[in-house]
Each structure stands twice: as structure tokens, then as C-alpha cells.
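Visitor: Provided below for reference: sequence and predicted model.
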Amino acid sequence: MRLRDLAAQLGCELAGDGEIEITGVAGLEQAGPGEITFLANPKYAPKVKHTRAGAILTGEPVRDPPIASVLSANPYLDFARALALFYQPPRPAPGIHPMACIAPTARIGENASVGPFAAVGEGVVIGRNAVLHPHVVIYEGAGIGDDFLAHSHAVVREYCHIGHRVVLQNGVVIGGDGFGFAKRADGSHYKIVQSGKTVIEDDVEVQSLTSVDRATVGETRVKRGAKIDSLVQVGHACVVGEDNIICAQTGLAGSSILEKNVLLAGQVGISGHLTIHDDVVVYAQSGIGGDIPKGARYSGSPAFPAHEWLRAITAFPKLPELLQTVRELKKKVEQLEKTTRE
């Protein structure tokens, strides 16, 4: 594809030679003469001098050294769009493999692809263009929308609902039992039946080995556009809001409510029965034990406002020195008081 045509498809301005033939997309350090690279973070600008790329996606023309530039208001987004023009993951051919197990009462929409050893239970409804890779399991009574993509060993449990354009990566479990037990008088545990369901709305992606538990009663819900990373636990009766980003190894205890545009960095722990309001950012390895107001930035465990946490963590390594200073001052005060009494 000529660089001029690529810029046109992306709706971007071109600065430089538009006749360069582009065969792919690569990083600054890996790109070759026939590839386009990108610069989204200014801290990587020094690396541009050493790139061998034929062109670059960037916010401003690169003149030192000169390189053909595709000018974008959002280089990272247009990098993703360009990448999609050159690479599409393989899609299995439509059809149901003879070694798949499809219940007689299940309904699967047109243009579906169901791989070997996939299992679809009684009463399941799946929309158009679904792809079920080998060993995907859909339990009885589940309802799934159009353009569903489930990779191997993904599981959708009984009576769960999934919207359109949902992607489940390998090993995801939607609607597994919530962790609920009542203690008997003798100290043993009685399992509480998890009678609720899990609802996944449109345009959600869930990465590998993540669990979104069903509710004890009612529902667990992941709202439109949320993206959940690998190795995340979403407990029973949680609500994950629109366009949330939840990074790896995060855990949400039961009845946690996340409103719109919340970002939880890696290894965040949420204690449950609390609300994190719109536009909150929680930094990595934070422990959240209470509600967080709209637009706040929190860090630490237990977490508190990030600007205060930065001051606290800066002081933390100095605590031994400060303690020694306090002890010395205390001795001087005691000596002064003794001298004054005498």
C-alpha cells in the first residue's frame, strides 16, 4: 500500500513522499524501510533518529532526520487502525465441525463457525457470525448476541447473557459460582446456591484466565465497552461500568460497583460493598476499602489520594533518620528540663 493511500484511509495529513510502498507496521526499533512506525509518547522521540522505518505516524512532522510523516491527532489510535489494515487474525471457515456437540434445542445464527469439541447446551441462542474455537463450552439457557468470539476453553455458564461483539480469550469463565458460604454452628460451611446470572453487555473484551462470577441473587454485570485484562477476579453481584479498564491480577470482592471510565491498574484489590465513581484512576497494587469520589486518583494500601501518597512515599525512606532526630531532640529537651529544675 502506498503511504499516500494509507494516510487517506486513516484520514490523516501526509508530509513527505507519498509514493513509498508500505508493507506493514512495526515499532521504532524494529521497523524496516518498507514499514511505518509510530511516535505517541514524546519520551521516545530520541529513538526516531535511529529508526530505519520508511515512514512514521506522529503528531508533528519529523525533520531531524527527515522522514515521511503521517500526521495524526491521536497517533496511538491511528497506529492501531493502521495495524488492522495489514493484519487480521485468521477466522475459521463457517460451519459446525462434526465433532462439535450441539443440543437439539440450541439455535445458532447464520455464518457461525463452531470448532471440534465445542459444546452448546439446551436452549442456547447465539447470534450471527459467531466463532467458537475448539473446546468452548456454552451451558444451558445462555443467550449470546452477534459477532461473538470465544477462544479455546472459554466457558459461558447457564442462563448468562452476552451482548454483541463480545470477545472472550482463552480460559475465561463467565458466570462461575460466586464465592458464598454460610457457617454452621459447628464451624463447617454450607454452600449458598448461586441462583443469579452474569450479564456481559456489547463490545466487551475479557482476557485470558479471568473469571466473572454469577450473583447469589440478581446479577453481576459488565457494561458496554469495558475491557478486562488477564487473571482478574470479578466477584458476585459486582457492576463494572462503561468503558472501564481493569488490568491484570486485580480482584473485585462481591457487590463492588464501578461507574463509567474507571481505570484499575495491575494488582488492585477492592474490598467489596463500595462504589468507585466516574473517571477514577487507581494505581497499581492499591488496596481500596471504601468509596472513591468522581475523578479522584488513588494509590497505596490502604489507598488514599495519590498526591498525598506521593508525599508519604517520598518521606517513608527517611523515617529511620527522622526517628533518630526525634530521639536526639527528646534527649536534649529532657536534659534542658533537668537543668532548669536544678
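Guide: That came in fine, so what should we check first? All figures in this text were calculated on a predicted structure; none of them were measured in a lab.
Visitor: show residues contacting stretch 9-25.
Guide: The contact list for stretch 9-25 (Cβ atoms under 8 Å, 6 or more residues apart in numbering) reads 1-4, 6-7, 31, 34-38, 54-55, 57, 61, 66-72, 78-79, 81-83, 85-87. Using the backbone N, CA and C atoms, a C-beta is placed for each residue, glycine as well.
Visitor: buried among the residues you listed? Make that a PyMOL selection.
Guide: Per 16 or more other Cβ atoms under 10 Å, the buried members of those correspond to this PyMOL selection:
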select buried, resi 3+4+6+7+31+35+36+37+38+54+55+57+61+67+68+69+70+71+72+78+79+81+82
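Visitor: quick one: the helices in this protein?
Guide: Listed from the start of the chain, the chain has helices (DSSP state H) covering 3-10, 75-86, 306-315, 319-341.
Visitor: quick one, the longest one and helix 306-315 angle?
Guide: Think helix 319-341. 70 degrees (axes from the mean of the first three to the mean of the last three Cα atoms, to 10 degrees).
Visitor: can you tell me the strand partners of the least confident helix or strand in the chain by mean pLDDT and which way each runs?
Guide: Ranked by mean pLDDT, DSSP states H and E, the weakest helix or strand in the chain is strand 62-63, scoring a mean of 80. The strands beside strand 62-63 in its sheet (DSSP bridges) come out as strand 66-71 (antiparallel).
Visitor: and the partner strand with helix 3-10, angle?
Guide: 20 degrees.
Visitor: so how far is strand 66-71 off the chain centroid?
Guide: Its chain's average C-alpha position is 32 Å from that of strand 66-71, according to Cα atoms, centre = their mean, to the nearest Å.
Visitor: now do the contacts for the spatially closest residue to Gly109 that is not a sequence neighbour.
Guide: With sequence-adjacent residues excluded and distances taken as Cβ to Cβ, 6 or more residues apart in numbering, Gly109 is closest to Arg128, at 3.9 Å. Arg128 is in contact with Gly109, Glu110, Asn111, Ala112, Asp146, Asp147, counting by Cβ under 8 Å, 6+ apart.
Visitor: let's see 7 Å
Guide: Gly109, Glu110, Asn111, Asp146 (Cβ atoms under 7 Å, 6 or more residues apart in numbering).
Visitor: what do you get for Gly171?
Guide: Per Cβ under 7 Å, 6+ apart, neighbours of Gly171: His153, Ala154, Ser208, Leu209.
Visitor: mind listing what Thr250 touches?
Guide: Val232, Leu264, Gly266, Gln267, Val268.
Visitor: whoops, I mixed them up, Asp229
Guide: So Asp229 contacts Gln207, Ile246, Cys247, Ala248 (Cβ under 7 Å, 6+ apart).
Visitor: now the residues you listed in JSON lines, with pLDDT, neighbour count and distance to Val172?
Guide: JSON lines is the format used below for those (pLDDT from 0 to 100; neighbours: other Cβ atoms under 10 Å; distance: Cβ to Cβ, whole Å):
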{"residue": "Gln207", "pLDDT": "98", "neighbour count": "20", "distance to Val172": "8"}
{"residue": "Ile246", "pLDDT": "98", "neighbour count": "27", "distance to Val172": "13"}
{"residue": "Cys247", "pLDDT": "98", "neighbour count": "20", "distance to Val172": "16"}
{"residue": "Ala248", "pLDDT": "98", "neighbour count": "18", "distance to Val172": "13"}
